[in-house]
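Engineer: with the input below, show me the fold.
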Amino acid sequence: MDELSPKLQNQIAQFQQLQQQLQAVLTQKFQMEAQLREIERTLEELGKVTDDVPIYKSVGSLLIRAKDKESVVKEIQEDKETLEIRVKTLDRQEKALRERYQTLQDQISRALGAKQETAG
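Structural biologist: Numbering: from 1, shown residues only. Below you'll find the model as predicted:
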């Protein structure tokens, strides 16, 4: 088998690095989307209870009675907004990585195709 040019070896290394970065972003995005769904379910359940029902929140390994329902809902809404911003940021990162991934994949395919034509 012919040796690959240093340029092509570099592109392949970049391609592998991009694959790892893309996988890391997708994993983070998946985890944050799961947290977001859980927050939405929590808000939905809080919407079903009356204001006089005691509400507890998790703090570390403890459950502590919250001051009131309104403060808990506000706190959870803020968490939801933060997660939505993070998911949008990860969406942009994913899109940029996928574009670079596709471009690099095309370049490598062309280079390998050209190499096979010259060898064959």
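Engineer: how about the helices in this protein?
Structural biologist: For the chain, the helices defined by DSSP state H cover 6-48, 69-119.
Engineer: quick one: distance of the longest one to the chain centre.
Structural biologist: Think helix 69-119. Centroid displacement of helix 69-119 relative to its chain, using CA atoms, centre = their mean, to the nearest Å, is 7 Å.
Engineer: cool, and the first one?
Structural biologist: Average the C-alpha atoms of helix 6-48, do the same for its chain, and the two points are 2 Å apart (CA atoms, centre = their mean).
Engineer: tally up the residues packed near Ser109, please.
Structural biologist: Using other CB atoms under 10 Å, Ser109 is surrounded by 10 other residues. The way it works is simple: take the backbone N, C-alpha and C, and place the C-beta from them, glycine included.
Engineer: can you give me the pLDDT of it?
Structural biologist: pLDDT recorded at Ser109 is 94.
Engineer: measure it to Glu45 for me?
Structural biologist: Using CB to CB, to the nearest Å, Ser109 is found at 51 Å from Glu45.
Engineer: right, so of the helices of the chain, which gets closest to Pro54?
Structural biologist: helix 69-119 (9.2 Å; CB to CB).
Engineer: sweet, I'm off.
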